[in-house]
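Chemist: the following block contains a protein sequence and its predicted model.
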Amino acid sequence: MTNLARVKANNTTSVHTLQKIKGFYHVHCNIFQIKRVTGVDVKPEYMSLFTHENGTAYLSKPYLTVEEGKEAAIKFYSLVSGIAVFWDPDAL
């Protein structure tokens with residue numbers, strides 16, 4: 001299982017790869033981050049989701065709250081990697 005919690009001082013959302021862009025929260029990651037976090041490559045059938053930065057990055061639709069973005073990040077990481085993903089800052 002992979003924990004997406006981030007507690008470093010420079011992270012405003014406390015969720016790995018969840019970024020605030022123009023007032024909204026987006027899951028923004030690339031295929032290399034997926035591998036670094038989960039330990040596995042993105043499944044070939046989901047490579048088409050990575051359409052930014054020459055086909056290596058994913059940018060989700062905007063979410064209004066960190067909670068919505070966190071749930072989207074968990075689902076996205078689980079989908080493209082096949083690895084169980086959760087968020088628990090106390091487990092770090």
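Modeler: Happy to help now that I have it. Residues are numbered from 1 along each chain as shown.
Chemist: tell me how far residue 56 lies from residue 16.
Modeler: 17 Å (Cβ to Cβ, to the nearest Å). In this view, the C-beta of every residue, glycine as well, is placed from N, C-alpha and C.
Chemist: neighbour-wise, which of these two wins?
Modeler: For residue 56 versus residue 16, neighbours defined as other Cβ atoms under 10 Å are more numerous around residue 16 (21 against 15).
Chemist: what's the nearest residue to the more buried one if we skip its chain neighbours?
Modeler: Here the nearest residue to residue 16 in space, its sequence neighbours aside, is residue 4; by Cβ to Cβ, 6 or more residues apart in numbering that works out to 4.4 Å.
Chemist: skip the chain neighbours and tell me the closest residue to residue 76.
Modeler: Spatial nearest neighbour of residue 76, excluding adjacent residues (Cβ to Cβ, 6+ apart): residue 27 at 5.5 Å.
Chemist: cool, and residue 84?
Modeler: Closest to residue 84 by Cβ to Cβ, 6+ apart is residue 1, at 4.5 Å.
Chemist: so which residues of this protein form helices?
Modeler: Per DSSP state H, the chain carries helices over the ranges 31-38, 66-81.
Chemist: show me what residue 5 is bridged to.
Modeler: residue 15 (DSSP bridges).
Chemist: distance of it relative to residue 23?
Modeler: In this view, residue 5 and residue 23 are 23 Å apart by Cβ to Cβ.
Chemist: what about the residue nearest to residue 84, neighbour count?
Modeler: 10.
Chemist: likewise residue 27?
Modeler: Counted with other Cβ under 10 Å, residue 27 comes out at 23.
Chemist: for it, give me its contacts.
Modeler: Going by Cβ atoms under 8 Å, 6 or more residues apart in numbering, residue 27 touches 17, 18, 58, 59, 60, 69, 72, 73, 76.
Chemist: tell me the bridge partners for it.
Modeler: residue 18.
Chemist: what pLDDT does the model give it?
Modeler: Residue-level confidence at residue 27 comes out at 96, pLDDT.
Chemist: then residue 24?
Modeler: Looking at residue 24, its pLDDT is 97.
Chemist: what residues are up against it?
Modeler: Residues counted as contacts of residue 24 (Cβ under 8 Å, 6+ apart) are 62, 63, 64.
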